[in-house]
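Trainee: Generate coordinates for the sequence data below:
(2 chains, ligands or ions: 1)
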Amino acid sequence: MTTPALSRRDLEFLLYEWLDIESLTQRERFAEHSRETFDAVLELSAEIATKHFATHNKAGDQTEPYMDEEGRVVLIPEIGAALQVLAEAGLVAASFDEELGGMQLPITVARACMTWLQAANAATSSYPLLAFANANLLAAHGTPEQVAEWAVPVIEGRYFGTMALSEPDAGSSLGDLTTTGHPQEDGTYRLTGTKMWISGGDHELGENIVHLVLARTPDAPAGVKGLSLFIVPKWLHDADGAPAERNDVTLAGLNHKMGNRGTTNTLLNFGEGRFTPGGKAGAVGYLLGERHQGLTYMFHMMNEARIGVGALATALGYAGYRQAVDYAKVRRQGRALGEKDPATPPIAIIGHADVRRMLLEQKAYVEGALALVLYSSKLVDEERTATDDAERRDATLLLDILTPITKSWPSQWGLRANDLAIQVHGGYGYTRDFDVEQFYRDNRLNPIHEGSHGVQGLDLLGRKVTMHGGAALELLLGRMLATVERAASVGGDAAEQGRMLRASVERIRETTQRLWGQGDPALALANSSVYLEAVGHVVVAWLWLEQRLAAGEKEGDFYEGKRRAASFFFGWELPKTNAQFDLLDSLDRTTLDMQPAWF
Amino acid sequence: MKIVVLIKQVPDTYGERKLTSEGLVDRDASDAIIDEISERALEVALQRKDSDKATEVVVLSMGPAEAKDALRKALSMGADAAFHVLDDALVASDIGWTATTLAAAIRHIGDVDLVIAGDATTDGRGGVVPAMIAEHLGLSHLAAVDGLEIGAAVSGSQATESGSRTVHAPLPAIVSITESADEARFPNFKGIMTAKRKPLTVVSLADLGVDPSFPELARSVIVSTAERPPREGGRKVVDEGNAAAELVEFLASQRLISAGSAKGV
Ligand SMILES: Cc1cc2nc3c(=O)[nH]c(=O)nc-3n(C[C@H](O)[C@H](O)[C@H](O)COP(=O)(O)OP(=O)(O)OC[C@H]3O[C@@H](n4cnc5c(N)ncnc54)[C@H](O)[C@@H]3O)c2cc1C
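Mentor: Numbering: from 1, shown residues only, chains lettered A, B, ... in the order given. Got it, this is the predicted structure:
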């Protein structure tokens, strides 16, 4: 039987023993829930992931989507079958309001459920995750009619959705988007332009595809302030609300990717005139919310979308880690140091200290990343259901500052975990007979999309750290120090780790002041990726200390594993940040001064 | 029609399955799940309920406190009610005690038309509990049935050494199904939420009127346990012109083919 991609035990520990997710059931929104319903949906997700998602992970990678003669996308049938099972189970709808057919499941639990699917099959999981993000945005900003017409079928699993932002010449810099929505007399718009990289942009998996397209109106100001958001369905509805006429959205091509191959990734032309809805060219679109507010709406959902990417990166790292552990227990090679007799049987490679180092690194990364993703998800729940303004404000601030880290840290270190999982497998890991090379390829996307690694660094240091006079950073550091206090009262190794964390908190404070105190923003931001990575490591060290405290002195292999991984992170990983803070403190100008001609 | 489905919670086959020093299943060593064969038995009952809404499906499990998770899951899949026999005196029960207890529970549930069970659990693999319950309750019994049809009577086919035979029995009856039965449905989210409101009754041996010392019932006890020996290296057949003959000789020696059929080579 195949290795499960995540660990139920670890999820239970994080959700119940650490985050005390059960306490959410005291909030009105979640009153119908209990530990029992949480356990049941988690188990359901694990089962669907194992039986219907993991089973075609390799097939989806080996058989890339292609276009048939009629220009339709062909996918392996297992993808559709798995999504059908998922729709019947009602998992995509789970965290939506009851009125929309949802179950008001806390986002934290829904996130854990989705992580199962991501770990089992990253590519197939993208379809429901995009659908979720799309419906979430529509439900938040659409009119009741728009929600009923376009979001509900997505929530029900009949339609799929996309987020269409990027263009061939505008990826990180959305202000340069050129796709245009021309207003029509009947209040609708006609869109023209080209969108690049659109995941799930075309396929035959459902009855329809609802594109949420970021575009500008002809009168719009330049830059990001001129962007509006449009609902552009692949099929336009007839009077009864059924898909009837083909909209002028055409698939210009499929991108051939390194990984995540089962997710179609498309170049879409809007308004090229291949189809002529209502007798004329132009893709029919409906404005969502107000004009020129498009990016604000997008940003509204950005935190959740970025946590989703962090979760994907974590999931893939986790899946590789679990396979590496299983492999290391059965692969026999070499003998214990000091065993000179060649007649003795070889030992399992997990008996070698260096292999255990590689497994420990992976454990520290993926379990740390999962803690980060779930912690941030819980902030979304707290923000949403806060009963007083102070709680809501704190949750929002923490979420804002943690989001770039929750997106980028797992993307960097989950990938590193996949690299190590290949290493543990030796030559076999480099072949396609094992899964770990695919995990690596699939995971390589995550530092690129949804705001690249560099963009996250700029976001953290350039915006999040300075906003509201540094209130978010202070709040975050305060939370860390509160953990340090708890650790001090416990004593022993936890208290020692607390002392190390306190020193790191001081370093963050000093370095941030030094960077912003010298007066030149270009210099401050020149090394923002280093800042992102250093602060990220401190945050995860904090969450390892939190896990260490949650494990307490409880007995058993699981808890011993948590304690050892926490001490590994503090002993091996956290000290690395000192070199990073030193570099930042030196206000190093190397990257600023380097000239293109010198490369 | 009232159908009782016997549900057993077992260690996940993925995990390392271990025994405690007393020879009992080490429940901490791996995740506990509903035995897949129990799920299939439930699926058979639920399909009957799909076609005849008047069918009432009751799931019954004897097991430690965690077994309630298995019962909850069965409720979320669509069963109407659950019974959990929970009693400290049942720790280390053997097949005889188990069958006696389950029979008493079925009597306690009352008015049962049909009991459906799996043919053998993945952990114990005894495969005789249904037959023993039949004996206790005087029910007709069909063992290891494929393609179970439920109507005024029950029927299906049984694999035999040389083929299969059709069998049927009047109700009330107890039937065990095989892995050929349909894979179980998943619970859906609505089912999970409604399961919370369905009855899950916990009963003790006293509630069932069973004497916890099981007088006059012999019980097997575990005297000692040993780990399965590690797998030995296989045998390599190198083709030096006579590999086919060697393979046949090997298969015959393992009784995987009969020597007679090997003769023609
Ligand atoms: C598989 C895949 C799926 C995707 N799915 C979608 C989707 O569904 N919808 C969608 O809208 N988009 C999607 N994207 C697009 C994705 O969001 C963009 O690729 C990403 O935003 C980067 O844009 P780019 O590719 O144009 O790179 P560029 O913006 O050209 O960036 C190239 C490099 O320059 C750096 N850089 C750029 N600007 C700056 C700056 N100001 N300061 C410092 N460094 C900078 C970047 O960090 C990066 O390293 C997808 C991409 C891929 C690969």
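Trainee: Neighbours of the residue in chain B positioned nearest to chain A, how many?
Mentor: Scanning chain B for the residue nearest chain A gives B:F189, at 3.5 Å (criterion: C-beta to the nearest C-beta). Placement of C-beta: from N, CA and C, glycine included. Neighbourhood size, B:F189 [other C-beta atoms under 10 Å in any protein chain shown]: 23.
Trainee: try the one 4 residues further on
Mentor: For B:M193, the number of neighbouring residues by other C-beta under 10 Å comes to 19.
Trainee: ok, it - contacts?
Mentor: A:32, A:37, A:103 (C-beta atoms under 8 Å, 6 or more residues apart in numbering or on different chains).
Trainee: Could you rerun that using 10 Å?
Mentor: A:32-33, A:37, A:40-41, A:90, A:103-105, B:76 (C-beta atoms under 10 Å, 6 or more residues apart in numbering or on different chains).
Trainee: from the residues you listed, which would you call buried?
Mentor: A:33, A:37, A:40-41, A:90, A:103-105, B:76 (16 or more other C-beta atoms under 10 Å in any protein chain shown).
Trainee: about what we covered before: out of the contacts of B:M193, flag the one nearest to A:F434.
Mentor: Proximity of the contacts of B:M193 to A:F434 (C-beta to C-beta) peaks at A:V41, which lies at 30.8 Å.
Trainee: wouldn't that closest one be in contact with A:Q104 here?
Mentor: No - applying C-beta atoms under 10 Å, one finds A:V41 not in contact with A:Q104, separated by 12.0 Å.
Trainee: Give me the common contacts of those two.
Mentor: By C-beta under 10 Å, 6+ apart, the residues touching both A:V41 and A:Q104 are A:33, A:94, A:110, B:193.
Trainee: Spatially nearest residue to the third one, not counting backbone neighbours?
Mentor: Closest residue to A:A110 in three dimensions, ignoring its sequence neighbours and counting by C-beta to C-beta, 6 or more residues apart in numbering or on different chains: A:S95, at 4.1 Å.
Trainee: Distance check, the one you found against B:V58.
Mentor: Using C-beta to C-beta, to the nearest Å, we find A:S95 at a distance of 33 Å from B:V58.
Trainee: top strand in the chain by residue count?
Mentor: If you meant another chain, say so; for now it's chain A. strand A:189-199 (DSSP state E).
Trainee: let's do chain B instead
Mentor: strand B:140-150.
Trainee: Which residues belonging to whichever helix or strand comes after that strand are considered buried?
Mentor: Downstream of strand B:140-150, the next assigned helix or strand under DSSP states H and E is strand B:153-159. Across strand B:153-159, burial judged by 16+ other C-beta under 10 Å covers B:154-157.
Trainee: Equivalent analysis for stretch A:459-468, please.
Mentor: A:459-462, A:464-466.
Trainee: and the helix or strand harbouring A:G161, anywhere near the ligand?
Mentor: Taking DSSP H and E as the criterion, A:G161 maps to strand A:159-164. Yes - counting by C-beta under 6 Å from any ligand atom, the ligand is contacted by strand A:159-164 at A:162-164.
Trainee: for the record, mean pLDDT for the next helix or strand after that strand?
Mentor: Sequence order places strand A:180-183 as the next helix or strand after strand A:159-164, per DSSP H and E. For strand A:180-183, mean pLDDT rounds to 98.
Trainee: Does chain A have contacts with stretch B:107-126?
Mentor: No - using C-beta under 10 Å from any C-beta of the partner chain, stretch B:107-126 never reaches chain A; the gap is at least 11.6 Å.
Trainee: mind listing what the residue nearest to A:I79 when sequence neighbours are not counted touches?
Mentor: Spatial nearest neighbour of A:I79, excluding adjacent residues (C-beta to C-beta, 6+ apart): A:T124 at 5.2 Å. Neighbouring residues of A:T124 by C-beta under 10 Å, 6+ apart: A:49, A:52-54, A:56-57, A:60, A:75-76, A:78-80, A:82-83, A:86, A:117-118, A:260, A:262-263.
Trainee: Give me the subset of those lying in strands.
Mentor: Among these, no member falls in strands (DSSP E).
Trainee: near the ligand, which of those residues show up?
Mentor: Within the contacts of A:T124, those near the ligand by C-beta under 6 Å from any ligand atom are A:N260.
Trainee: for the longest strand of chain A, packing partners?
Mentor: helix A:122-141, strand A:159-164, strand A:180-183, strand A:208-216, strand A:227-233, strand A:249-254, strand A:265-270, strand A:283-287 (3 or more C-beta pairs under 10 Å, 6 or more residues apart in numbering or on different chains; DSSP states H and E).
Trainee: elements contacting the second one?
Mentor: Other elements packing on strand A:159-164 under the criterion 3+ C-beta pairs under 10 Å, 6+ apart are helix A:122-141, helix A:152-155, strand A:189-199, strand A:208-216, strand A:227-233, strand A:265-270, helix A:294-330.
Trainee: For that strand, C-alpha coordinates in CSV please.
Mentor: This file holds the C-alpha atoms of strand A:159-164, laid out as CSV (Å, rounded to 0.1, in the frame of the first residue of the first chain):
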residue,chain,number,x,y,z
TYR,A,159,-18.8,24.9,-12.8
PHE,A,160,-15.1,25.7,-12.5
GLY,A,161,-13.4,29.0,-12.1
THR,A,162,-10.2,30.8,-12.8
MET,A,163,-8.3,33.9,-11.7
ALA,A,164,-7.1,35.7,-14.8
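Trainee: So in that sheet, which strands flank that strand, and in what orientation?
Mentor: strand A:208-216 (parallel) (DSSP bridges).
Trainee: by how many degrees do the strand it pairs with and helix A:122-141 diverge?
Mentor: 60 degrees (axes from the mean of the first three to the mean of the last three C-alpha atoms, to 10 degrees).
Trainee: ok and strand A:208-216 relative to strand A:249-254, angle-wise?
Mentor: Using the same axes, to 10 degrees, strand A:208-216 lies at 90 degrees relative to strand A:249-254.
Trainee: What average pLDDT does strand A:208-216 get?
Mentor: The model assigns strand A:208-216 a mean pLDDT of 98.
Trainee: That one: how far from the chain's middle?
Mentor: Remark: strand A:208-216 is offset 21 Å from the chain centroid, using C-alpha atoms, centre = their mean, to the nearest Å.
Trainee: Using CSV, list the CA coordinates for that strand.
Mentor: Taking Å, rounded to 0.1, in the frame of the first residue of the first chain, the C-alpha atoms of strand A:208-216 are listed here in CSV:
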residue,chain,number,x,y,z
ASN,A,208,-18.9,26.0,-17.6
ILE,A,209,-15.9,28.0,-16.6
VAL,A,210,-16.2,31.3,-14.9
HIS,A,211,-13.2,33.5,-15.5
LEU,A,212,-12.6,36.4,-13.1
VAL,A,213,-10.6,38.8,-15.3
LEU,A,214,-8.6,41.8,-14.2
ALA,A,215,-8.8,44.5,-16.9
ARG,A,216,-9.0,48.2,-17.4
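Trainee: any weak-confidence spans in the chain?
Mentor: Looking at chain A here, since you left the chain open. A:1 (pLDDT under 70).
Trainee: that's the wrong chain, I wanted chain B
Mentor: In chain B, residues with pLDDT under 70: B:15-17, B:27, B:29, B:259-265.
Trainee: which residues touch residue 101?
Mentor: Reading this off chain A. Contacts of A:G101 (C-beta under 10 Å, 6+ apart): A:90, A:93, A:151-152, A:155-157, B:189-190.
Trainee: Can you look at chain B instead?
Mentor: B:62, B:85, B:87, B:89-90, B:93, B:133, B:136, B:203, B:205, B:208, B:210, B:212, B:214.
Trainee: how far away is the closest residue to A:S166 other than its chain neighbours from the ligand?
Mentor: In space, and not counting its chain neighbours, A:S166 is closest to A:W197: 4.6 Å by C-beta to C-beta, 6+ apart. Distance from A:W197 to the ligand, counting by C-beta to the nearest ligand atom, to the nearest Å: 3 Å.
Trainee: go on, A:K58?
Mentor: 19 Å.
Trainee: I'd guessed that residue sits against A:N121; true?
Mentor: Yes - A:K58 is within contact range of A:N121, at 9.4 Å (criterion: C-beta under 10 Å).
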